[in-house]
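Enquirer: Could you work out the structure for the sequence below:
(one chain, ligands or ions: 1)
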Amino acid sequence: MHGVFDGVVDEPWRLPSPVSQDDLSNWKERANRVKDAFVTAYLAYEQNAYPHDELLPGTNGHADRLNGWGATTVDGIDTMVLMGLHEMSNKTVQHVAQLTFDRDQSVQFFETVIRYLGGFLSAYALTKNPVFLARADDLGRKLLPAFNTPSGLPTFGVNPLTGQTRSGWMGNVAILSEMGSCQMEYRYLAHLTGRPEYVRVVDHVTEHMRQHEERGGLFPTTYDLNSGDAKGNSYSVGSLADSAYEYLIKLWLMTDRTESKYLDMYLKSTEAIMNDLLYLSPARQLLFVTDAYRNNMAPTKDFQHLSCFIAGVFALGAVTIPNVDPRHAWVAEGLAHTCWITYADSQTGLGPERVMFRNGGTKWVDEVTAWERAGKVGGVPPGVNQTAPIHEGEDMEYTPSDHRYLLRPETIESFYILWRTTGDSKWRDRGWAMFDAIETHTKTANAYASISNVYNIPTKKENDMPSWFFAETLKYAYLLFTDEDLIPLNQWVFNTEAHPFPIFRWSEWETKHLDIH
Ligand code: DMJ
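Expert: Predicted coordinates for the structure are as follows:
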């Protein structure tokens, strides 16, 4: 089994064999509980909200914040397939087949790419039903006008019928997470269709990012759509930024580790993240990732649930990058632990949307370097300890600044990747505690709902059940508990909405025709 402190890369990957036979029935049962949760929630959506985007679980109403194309259905198809819910997934084919995109409406480019395009592509990859590919190709083409800007960076919104673009709430800028999270989808689509324009538009964006690396590998969070100049005031791996970093390593993995430019960018980025954005809390030695101001690199000390995905990204790099610095595995372990602590410290066992660390805090890179120089006393790097959750009256060292739990996936996502790449069963156990808390504290009469405060019991339910609950949270929980390795990480790579795409290699013809370089 691959130990997290080995810093060894296996060729081919040596992924752990899951669990001992003794545990089998227990975990199978747990996986089935997740499947039951999916079925319950989806049926409630189907009965009360289909074909709209999302169920409003408090009123049994519906919301159409994601184009009104049935986001919950499309986001959920691959989860249905993986859970073996074939009757349910077969029913979605008809829904997808009748979707047309010649609609005079403005849609959000990023959300449409990661949820709908990503959903169609993974549904196609898993079922080989050509309906999904046809819709993906149609949608991919209709969204292309988003790139018709002087800088070539995509706009916030685009009208799939007229090609008219529109700016979003931040004005005439491209947001880092949005411009950096369309490359996997369009490149895989180009592989399936042979259309060079798909590669051309997204490779231009990645190249733009490469030319705007700062501090060795960080990217500012916004860019002027006309000049392409960086405008953002901060660096972050959370809101406005997150998946742009995730896609660097995933682009390298998706084409079977053949395109080293993505690995180079990823290694530079992670080095810069480790140097500039990682901090340690003084007492509990909790490793956390925070934003820093671009002008003086002062940390905001803000720690977001959204940022918890990056523990899984570091874990993936730790087992796939040849001779990678062992710090990558330590960061994965330490950050995932802190994400867990924010869950385990709370009354509900669910993690808040945001917390603010207090009382100073030191840069992790300085502490770890000092620890190494001093002869690695104790054998465990700073921030990689396994601190227990807090007891009544003790200081958490952070103040919750947004108390909600929005059924988000990032923490369980990282646990799943850590479980599959390290074989350490604590990630599974913690994931189970998390799912148990979801069952106990987010369940409504017939579905599940975001909650307004993870520190108050009984919980107040919000009238909201996001489609990512179906695409990501329940999928990662199921994959974490099921013994069968349904999506081996050396054959598949997940987009940022947890839609798995197969790892492939460009053929010689594709390299020329699609101008892969
Ligand atoms: C999802 O839509 C995606 O994971 C995205 O990258 C970030 N936000 C949500 C889930 O929290």
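
Enquirer: tell me what the longest helix belonging to the chain is packed against?
Expert: Taking DSSP state H as the criterion, the chain has its longest helix at helix 24-48. Judged by 3 or more Cβ pairs under 8 Å, 6 or more residues apart in numbering; DSSP states H and E, helix 24-48 is in contact with strand 54-56, helix 71-82, helix 426-442, helix 474-481. For the C-beta atoms, the positions are set from N, CA and C on the backbone; glycine is no exception.

Enquirer: again, 6 Å this time
Expert: Using 3 or more Cβ pairs under 6 Å, 6 or more residues apart in numbering; DSSP states H and E, the elements in contact with helix 24-48 are strand 54-56, helix 474-481.

Enquirer: Find the one among those with the highest mean neighbour count.
Expert: helix 474-481 (a mean of 27; mean count of other Cβ atoms under 10 Å).

Enquirer: Tell me the first helix or strand C-terminal of that one.
Expert: Where DSSP states H and E defines the elements, the next helix or strand beyond helix 474-481 is strand 492-494.

Enquirer: Next SSE downstream of that following strand?
Expert: Reading on from strand 492-494 to the C-terminus, the next helix or strand found by DSSP H and E is strand 500-502.

Enquirer: Show the average pLDDT along that following strand.
Expert: The predicted model assigns strand 500-502 a mean pLDDT of 98.

Enquirer: Show me what counts as buried in it.
Expert: Pro500, Phe501 (16 or more other Cβ atoms under 10 Å).

Enquirer: Name every sheet partner of it and say whether each one runs parallel or antiparallel.
Expert: Partner strands for strand 500-502, per DSSP bridges, with pairing direction: strand 492-494 (antiparallel).

Enquirer: Looking at the helices and strands packed on helix 24-48, spot the one closest to Ala44.
Expert: Among the helices and strands packed on helix 24-48, the nearest to Ala44 by Cβ to Cβ is strand 54-56 (5.9 Å).

Enquirer: Partner strands of whichever helix or strand comes after the closest one and their direction?
Expert: Next in sequence after strand 54-56, counting helices and strands by DSSP H and E, comes strand 61-63. Strand pairing for strand 61-63, determined by DSSP bridges: strand 54-56 (antiparallel).

Enquirer: With distance to Met465 added, can I get the helices and strands packed on helix 24-48 in a markdown table?
Expert: Shown next, in a markdown table, are those (distance: least, Cβ to Cβ, whole Å):
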| stretch | distance to Met465 |
| --- | --- |
| strand 54-56 | 5 |
| helix 474-481 | 11 |
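
Enquirer: how about the ones you listed in TSV, adding distance to the ligand and mean pLDDT?
Expert: Shown next, in TSV, are these (distance: least, Cβ to the nearest ligand atom, whole Å; pLDDT from 0 to 100):
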stretch	distance to the ligand	mean pLDDT
strand 54-56	12	98
helix 474-481	10	98
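
Enquirer: quick one: pLDDT of the residue in the stretch 201-350 of the chain that the ligand sits nearest to?
Expert: Scanning the stretch 201-350 of the chain for proximity to the ligand using Cβ to the nearest ligand atom identifies Ser243 as nearest, at 4.4 Å. The model reports Ser243 with a pLDDT of 98.

Enquirer: Isn't it up against Ala498?
Expert: No: counting by Cβ atoms under 6 Å, Ser243 does not reach Ala498; the two are 11.3 Å apart.

Enquirer: three-state assignment of Tyr455?
Expert: Per DSSP: H, G, I helix; E, B strand; the rest coil, the secondary structure class of Tyr455 is coil.

Enquirer: Surely it and Asp345 touch.
Expert: No: using Cβ under 6 Å, Tyr455 is not in contact with Asp345, being 9.0 Å away.

Enquirer: ok, the two, which is more surrounded?
Expert: Taking neighbours as other Cβ atoms under 10 Å, Tyr455 and Asp345 compare with Asp345 leading, 23 against 13.

Enquirer: nearest spatial neighbour of that one, skipping sequence neighbours?
Expert: Spatial nearest neighbour of Asp345, excluding adjacent residues (Cβ to Cβ, 6 or more residues apart in numbering): Ile390 at 4.6 Å.

Enquirer: Show the model's pLDDT score for that neighbour.
Expert: We have a pLDDT of 90 for Ile390.

Enquirer: repeat for Gly393
Expert: Here the pLDDT value assigned to Gly393 is 78.

Enquirer: Met356 versus that one, what's the distance?
Expert: Relative to Met356, Gly393 is positioned 20 Å away (Cβ to Cβ, to the nearest Å).

Enquirer: measure Val158 to the ligand for me?
Expert: 18 Å (Cβ to the nearest ligand atom, to the nearest Å).

Enquirer: Just confirm that residue contacts Ser167, I think it does.
Expert: No: under the criterion of Cβ under 6 Å, Val158 makes no contact with Ser167, lying 11.0 Å away.

Enquirer: Pick out whichever of the two has more residues nearby.
Expert: Applying other Cβ under 10 Å to Val158 and Ser167 shows that Val158 carries more neighbours, namely 24 against 13.

Enquirer: need the contact list for the more buried one.
Expert: By Cβ atoms under 6 Å, 6 or more residues apart in numbering, Val158 lies in contact with Phe109, Leu143, Pro145, Ala146, Thr165.

Enquirer: Which of those residues fall within strands?
Expert: Members of the contacts of Val158 lying in strands (criterion: DSSP state E): Thr165.

Enquirer: Which one's more surrounded, Gly393 and Met356?
Expert: Met356 (14 against 5).

Enquirer: just checking, that one is part of a strand?
Expert: Yes: checked against three-state DSSP, Met356 lies within a strand.

Enquirer: separation between it and the ligand?
Expert: Distance from Met356 to the ligand, counting by Cβ to the nearest ligand atom: 19 Å.

Enquirer: Look up how far Leu277 lies from that residue.
Expert: Counting by Cβ to Cβ, the gap from Met356 to Leu277 is 15 Å.

Enquirer: what does the stretch 251-400 of the chain have sitting close to the ligand?
Expert: Contact residues (Cβ under 6 Å from any ligand atom) of the stretch 251-400 of the chain with the ligand: Leu306.

Enquirer: Could I get the full set of helices for the stretch 251-400 of the chain?
Expert: With DSSP state H, counting those that start in this stretch as the definition, the stretch 251-400 of the chain shows helices at residue ranges 260-276, 309-320, 327-344, 364-373.

Enquirer: Next, the buried residues of the shortest one.
Expert: Going back to what we said before, that points to helix 364-373. Trp364, Val365, Glu367, Val368, Trp371.
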